[in-house]
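Enquirer: My questions are about this predicted structure, shown below with the sequence.
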Amino acid sequence: MSSYKKVLQEAKALTRKKNKETSATELVFLNFSHLKPNELYLKYEEEMPKEAIIDFNEALGLYLEKNIPVQQIIGFVYFYGYKFLVRNTALIPRFETEELVANVLINYDQYFDGKLVDVVDIGTGSGCLAIALAKEEKNMSFTATDISLEALKLAKENARNLDAAVEFLQGDMLEPLLDKKFDIIVSNPPYIPNAEEVDPLIYDNEPHIALFGGEDGLDFYRTILKDAHKIIKDKAFIAFEHGYDKMEELQAIAKSYFPSAKIFTLKDMQNKDRMTFIIIGFN
């Protein structure tokens, strides 16, 4: 007899032996046990069905032996409380990016006070930023862009599943937006410097087009900021997620294009400089 407890304990022991994250193994186990956390707790000592054990072990092998991210194995991740499908065609939504959603909402309340606004998410990937914001604030009208048709296919599927009203456009950065005007730009563009070493779990499984941002990791910020004046209204703000060590450089770039703007950077929950806001046209 193999109880849920025994199967999980053995899997975690193997995971530690492979120098992998036991939290990832727990996530896979919870998915393939087909039980909610409270149900698993109540059935911990009961026998786990053989078919579920087989499915779990096969999935665990993908993580331990093939080095595939667990989010891609189970096919989804929760972001800002919403269930997003995950595939290797777009970056896996990160919990850190939830903080950008929260701070965009806070600054929307401060600067627009509930007014109807037009928002664009540039480089949307899975659609997590645009969709989460659209679900949270009904007075935001959303457009989202990406150069990757495969990423947009996933983003559209996530929007349908979550009943989020987002217009998706294919194109390079601001290219498909030049006939539009927005109150808010949000973006979490690729920001890893080209020569920086990346964890194989990420490098081998996530699209490089969504990871690398040029020699210093700031190419896409320059592209957005250089032409942002063409697509923003007189009063607007731009919200970026970026590398924790790029605050000063990014602020300098922003200042060069918007010298009279209010520019500030917020720390994430790990106390790292992670989100920069550029407030334009407000006194």
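Expert: Yes, it's here.
Enquirer: For the stretch 1-150 of the chain, just list every one of the helices.
Expert: Taking DSSP state H, counting those that start in this stretch, the helices of the stretch 1-150 of the chain run over residues 4-17, 22-33, 37-42, 50-64, 70-74, 95-112, 128-136, 149-162.
Enquirer: out of those, which comes closest to residue 120?
Expert: The closest of the helices of the stretch 1-150 of the chain to residue 120 is helix 128-136. By C-beta to C-beta, the value is 8.2 Å. No exception for glycine: its C-beta is placed from N, CA and C like everyone else's.
Enquirer: buried set for that closest one?
Expert: 128-136 (16 or more other C-beta atoms under 10 Å).
Enquirer: can I get those residues in JSON lines with distance to residue 36?
Expert: Converted to JSON lines, these look like this (distance: C-beta to C-beta, whole Å):
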{"residue": "128", "distance to residue 36": "23"}
{"residue": "129", "distance to residue 36": "28"}
{"residue": "130", "distance to residue 36": "29"}
{"residue": "131", "distance to residue 36": "24"}
{"residue": "132", "distance to residue 36": "23"}
{"residue": "133", "distance to residue 36": "28"}
{"residue": "134", "distance to residue 36": "27"}
{"residue": "135", "distance to residue 36": "23"}
{"residue": "136", "distance to residue 36": "25"}
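Enquirer: returning to what we had before: save the helices of the stretch 1-150 of the chain as a markdown table, and put in distance to residue 256 and mean pLDDT too.
Expert: Below are these laid out as a markdown table (distance: least, C-beta to C-beta, whole Å; pLDDT from 0 to 100):
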| stretch | distance to residue 256 | mean pLDDT |
| --- | --- | --- |
| helix 4-17 | 48 | 94 |
| helix 22-33 | 42 | 92 |
| helix 37-42 | 50 | 85 |
| helix 50-64 | 44 | 94 |
| helix 70-74 | 37 | 95 |
| helix 95-112 | 22 | 96 |
| helix 128-136 | 25 | 98 |
| helix 149-162 | 30 | 98 |
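Enquirer: hey, which of those helices is tucked in deepest?
Expert: Stretch with highest mean neighbour count among the helices of the stretch 1-150 of the chain: helix 128-136 (a mean of 25; mean count of other C-beta atoms under 10 Å).
Enquirer: Would you format the helices of the stretch 1-150 of the chain as a markdown table with distance to residue 192 included?
Expert: Output for the helices of the stretch 1-150 of the chain, formatted as a markdown table (distance: least, C-beta to C-beta, whole Å):
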| stretch | distance to residue 192 |
| --- | --- |
| helix 4-17 | 27 |
| helix 22-33 | 21 |
| helix 37-42 | 34 |
| helix 50-64 | 23 |
| helix 70-74 | 19 |
| helix 95-112 | 14 |
| helix 128-136 | 18 |
| helix 149-162 | 17 |
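Enquirer: looking at those, which is closest to residue 262?
Expert: helix 95-112 (10.0 Å).
Enquirer: And the contacts of the closest one?
Expert: 79-80, 117, 128-129, 132-133, 136-137, 140, 183-184, 186, 188, 235, 237, 239, 241, 266, 268-270, 274-275, 277, 279, 282 (C-beta atoms under 8 Å, 6 or more residues apart in numbering).
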